[in-house]
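In: Would you be able to build a 3D model of this:
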Amino acid sequence: MNKKYEFSDTTQLSPHFNAKEFRCKCGKEHEFMISNELIEKLEKLYAALNCSKIIVTSGFRCSAHDKTVGGSGTGQHTLGNAADICCYGQDGQPISSKVVCCKAQDIGFRGIANITAAYQYTHVDVRPNGKWYGDEVHGNSTVTDDFYKYFGGEDMKGIDVSVHNGDIDWGKVKADGIDFAIIRAGFGRLEKQKDEKFEQNYAGAKSAGIPVGAYWYSYAMTPGGSRTGSRCVPVCYQGKAVRDACVL
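Out: Sure, this is the predicted structure:
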């Protein structure tokens, strides 16, 4: 069900979303609509991604504003069915739109699209009919029927880094099209063998919006040795986002 709201309405729609976040951004004070299903699914997305916040950059649009920003004037935003969002993790950094698109697909949004080449903004909608899985970097057509396949496999490029790579320009790494980084946290059997560049590399990658994972390089030749090395693994996660991979 889609409900109409006055421009001044500040109803708390759910634990993390207020009606005022979905007002039209045309600059005029007019009523707007919001789909109950949209809010329900946004809350599920918030939980699935363990977000610290979700910023709604565009909610309802009047027909004129929709055309101004490149829409048809009759799209899902004009019906109250859509939101353009930026999701933030517990570390305060934007979550890649590639991850958001996959989770939105799991939750059942029927319209989903990455919006920009930076992969920080995502369109989601609850259109009543059909399905649109897009990537607006490459136009407005459907690009896939499965975002896991579209953003996975050979389409993903990653790097493995450690102290041996010196000081890394993570902005340049992002500009070079790298999708993720696996960072060495340390090696051997002792926590004091933590990689000297681990914290710097982790912070740099996250600041650039690059999803990261970490690993502890082990020399173990026996199960006992593996168990000893595994006690160092928590070093990877201390104060880090839990969604990132950590391996031994």
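In: in which helix or strand would I find the residue nearest to T68 when sequence neighbours are not counted?
Out: Excluding its sequence neighbours, the residue lying closest to T68 (Cβ to Cβ, 6 or more residues apart in numbering) is C26, at 7.3 Å. In this view, the C-beta of every residue, glycine as well, is placed from N, C-alpha and C. Secondary-structure assignment from DSSP states H and E places C26 in no helical or strand segment.
In: before we move on, what about D160?
Out: Assigned by DSSP H and E, D160 falls in strand 158-161.
In: For that strand, enumerate the helices and strands it packs against.
Out: Judged by 3 or more Cβ pairs under 8 Å, 6 or more residues apart in numbering; DSSP states H and E, the packing partners of strand 158-161 are strand 180-187.
In: as a whole number, average confidence for the strand it packs on?
Out: Average pLDDT, strand 180-187: 85.
In: all helices for this structure, in order.
Out: With DSSP state H applied, the chain shows helices at 36-48, 63-68, 97-107, 147-150, 170-175, 198-207, 223-230, 234-237, listed in chain order.
In: quick one, which of these is packed in tightest?
Out: Greatest average neighbour count among the helices of the chain goes to helix 97-107 (a mean of 22), per mean count of other Cβ atoms under 10 Å.
In: Might you report the residue contacts of K41?
Out: Each residue near K41 by Cβ atoms under 8 Å, 6 or more residues apart in numbering is listed here: A104, I107, G108, F109, V124, V126.
In: List the residues that contact the third one.
Out: Residues counted as contacts of G108 (Cβ under 8 Å, 6+ apart) are K41.
In: how close does it get to L42?
Out: Distance of G108 to L42, computed by Cβ to Cβ, to the nearest Å: 12 Å.
In: Check the first one too.
Out: Taking Cβ to Cβ as the measure, A104 and L42 are separated by 9 Å.
In: any residues in contact with both of those two?
Out: V124.
In: Where does the prediction get shaky in the chain?
Out: 153-156, 189-191, 218-248 (pLDDT under 70).
In: contacting residues for the residue nearest to the spatial centre of the chain?
Out: The chain has I95 as the residue nearest its centroid, 2.9 Å off, counting by Cα atoms, centre = their mean. Neighbouring residues of I95 by Cβ under 8 Å, 6+ apart: L49, C51, C87, Y88, G89, R243.
In: ok, now T11?
Out: Here T11 is in contact with Y5, N18, A19 (Cβ under 8 Å, 6+ apart).
In: let's see it at 7 Å
Out: Y5, A19 (Cβ atoms under 7 Å, 6 or more residues apart in numbering).
In: ok, now Q12?
Out: Residues counted as contacts of Q12 (Cβ under 7 Å, 6+ apart) are N18.
In: ok, back up a step: closest one to H30 among the helices of the chain?
Out: Nearest to H30, of all the helices of the chain, is helix 63-68, at 10.0 Å by Cβ to Cβ.
In: now the closest one: how far from the chain's centre is it?
Out: 27 Å (Cα atoms, centre = their mean, to the nearest Å).
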